[in-house]
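**Q** No sequence on hand, only this structure:
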C-alpha cells in the first residue's frame, strides 16, 4: 500500500530517515546537497568545455610562442576540431602556421606536440599525425569540470543565458481536410523538439499552429 504522508508543523523537521523531529534543529543540521540544491544558480558557462578551453588554449599558445610563431587565442579556439576520433579528443591542423614558419606541417606538428607533453593539464597526451596535433584530454579534469558545472547550475545545466535573438517555429499544422496520420505526428515531435532546443540555447521562441480551416480546401468539404 501507500505510506501516509505525515503532517509536519512549521517548527518540525524530518530527518534523513523520514522521522519527524519536533523543535528547532541543531545548527549543524542540514539536508544533503542532493535534496537541498544550491539556489539561485550562479551565471556560469553552460557547458564543461567553457571551463576546459581556457587552460587548454593557454598551453597551445605557450607552445606556439616557444616556436616563435605569432598566433591569436581566437585563431586557436576556432581552429580546434572538437569532433573527436579513435584515440583523440581534439585535433589542431597546423598547415597555415607551418607556411608562416617555413616548415612542413609534419615538422611543426611534431615540434608543438613535443612542447605540449611536459605541461599536460588539462591534456593527457599530444601526438603529431600528418600535420595535425592530436590531443587527448585528462579524464579526471573533464569529469571534475563536468560535475562542478552540473552541481552549480543544477536544473539549468545545459541551458544557455538569454541571447539577443528570437525565433518563431510553426509546426504540425495538420491539414484539416485529410486524415491525421503518423507522418503528421512525426512533424509535431520534430517541431516541439526544435523549440525546446532553441529555448535551451537561450533563444526566446514562440510556436504557431496554423489551423488552415479557410480557403478552397476547407470550402470543398463544407
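**A** Noted; the coordinates are in hand. All values derive from a computational prediction rather than experimental measurement. Numbers count the residues shown, from 1 in each chain.
**Q** so what pLDDT did residue 154 get?
**A** Model confidence at residue 154, expressed as pLDDT, equals 79.
**Q** Near it, how many residues? Count them for me, please.
**A** Using other C-beta atoms under 10 Å, residue 154 has 13 other residues around it. The C-beta positions use only the backbone N, C-alpha and C, and glycine is treated the same way.
**Q** Would you double-check that it falls in a strand?
**A** No - Residue 154 is assigned helix when assessed by DSSP: H, G, I helix; E, B strand; the rest coil, not a strand.
**Q** let's number from 400 now, not from 1
**A** Got it, first residue is 400 now, which makes that one residue 553.
**Q** so how far is residue 563 from it?
**A** The gap separating residue 553 from residue 563 is 25 Å, by C-beta to C-beta, to the nearest Å.
**Q** tell me the secondary structure for the nearest residue to residue 610 once chain neighbours are set aside?
**A** Nearest non-adjacent residue to residue 610, counting by C-beta to C-beta, 6 or more residues apart in numbering: residue 575, 6.8 Å away. At residue 575 the chain is in coil, as set by three-state DSSP.
**Q** Flag every buried residue along stretch 537-554.
**A** Under the neighbour-count criterion of 16 or more other C-beta atoms under 10 Å, stretch 537-554 has 537, 540, 541, 544, 545, 548, 552 buried.
**Q** circling back: the residue nearest to residue 610 reaches residue 608, doesn't it?
**A** No - with contact defined as C-beta atoms under 8 Å, residue 575 does not reach residue 608; the gap is 11.5 Å.
**Q** can you tell me which residues contact residue 476?
**A** Neighbour list for residue 476: 452, 456 [criterion: C-beta atoms under 8 Å, 6 or more residues apart in numbering].
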